[in-house]
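Peer 1: Sharing a model that was predicted from the sequence below.
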Amino acid sequence: RKEVEQDPGPFNVPEGATVAFNCTYSNSASQSFFWYRQDCRKEPKLLMSVYSSGNEDGRFTAQLNRASQYISLLIRDSKLSDSATYLCVAGYSSASKIIFGSGTRLSIRP
Amino acid sequence: ETGVTQSPTHLIKTRGQQVTLRCSSQSGHNTVSWYQQALGQGPQFIFQYYREEENGRGNFPPRFSGLQFPNYSSELNVNALELDDSALYLCASSIETSGATRNTGELFFGEGSRLTVL
């Protein structure tokens, strides 16, 4: 079983739609959580950190459920420029490593 | 621009050869992590270097090794290359604190070195 699992998609949604991604992690020792964005043939870049209380950054909302070991990302009013692969990430301080999921591909159509 | 630079950007090797990939971390960052990303997959953690020592390792065989230098730059070495080693190799720098618990905070990635093994 992978340490971080995501639905690979692809998600193909119209511009302006709301889209949600889910992710689960297997190691309860995980202490930090992130969503990264990766454009085609580019390096991953941090989209947002994920906090237990949930956090919002403009059109993006991230949630963490430690009991269920579940992370989510909600994108509202999607734009064409949101088309990318979204990577769910869990960090383990005890092992000093950050583990990426396989990514969920999102394609926004006009 | 993250300030993390990797070289070479592209290279082609044959099975059995050895390769060295290089990474210069962002100024002020003391930690370098290396990832392997195959086509259509997420980055797979290879190892992390902190203060010139390997600080964590993923599920990769010993033929994957690395170094970190006093200026925090790093090398990834892969011996006895196999066809499945063909991938994008990403270096990421970050700031980690010392002590019993280290933070696993934001990673700043370079653009990667794309390795093709024939």
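Peer 2: Alright, I've got the coordinates. Residues are numbered from 1 along each chain as shown, chains lettered A, B, ... in the order given.

Peer 1: The helix-or-strand element of chain B with minimal mean pLDDT vs chain A: in contact?
Peer 2: Using mean pLDDT, DSSP states H and E, the weakest-scoring helix or strand in chain B turns out to be strand B:53-57, at a mean of 88. Yes: if you take CB under 8 Å from any CB of the partner chain as the test, strand B:53-57 does meet chain A, through B:55, B:56, B:57. The C-beta positions use only the backbone N, C-alpha and C, and glycine is treated the same way.

Peer 1: Let me see the ranges of the strands in the chain.
Peer 2: You didn't pick a chain, so chain A it is. A:4-6, A:11-14, A:19-25, A:32-38, A:45-50, A:55-57, A:60-65, A:70-75, A:84-92, A:97-100, A:104-109 (DSSP state E).

Peer 1: my bad, chain B
Peer 2: Using DSSP E, strands in chain B cover B:5-7, B:10-13, B:19-24, B:31-37, B:44-50, B:53-57, B:64-68, B:74-78, B:87-94, B:108-109, B:113-117.

Peer 1: who are the neighbours of the fifth one, in terms of helices and strands?
Peer 2: Which is strand B:44-50. Packing partners of strand B:44-50 (3 or more CB pairs under 8 Å, 6 or more residues apart in numbering or on different chains; DSSP states H and E): strand A:97-100, strand B:31-37, strand B:53-57, strand B:64-68.

Peer 1: and if you look at the third one?
Peer 2: Strand B:19-24 is packed against strand B:5-7, strand B:74-78, strand B:87-94, strand B:113-117, with contacts defined by 3+ CB pairs under 8 Å, 6+ apart.

Peer 1: is the shortest one anywhere near chain A?
Peer 2: Okay, so that is strand B:5-7. No: Strand B:5-7 stays clear of chain A (CB under 8 Å from any CB), getting no nearer than 9.1 Å.

Peer 1: now the last one
Peer 2: No: Strand B:113-117 does not reach chain A (CB under 8 Å from any CB); its nearest approach is 9.0 Å.

Peer 1: contacting residues around that strand?
Peer 2: B:6-15, B:17, B:19, B:21, B:78, B:81-89 (CB atoms under 8 Å, 6 or more residues apart in numbering or on different chains).
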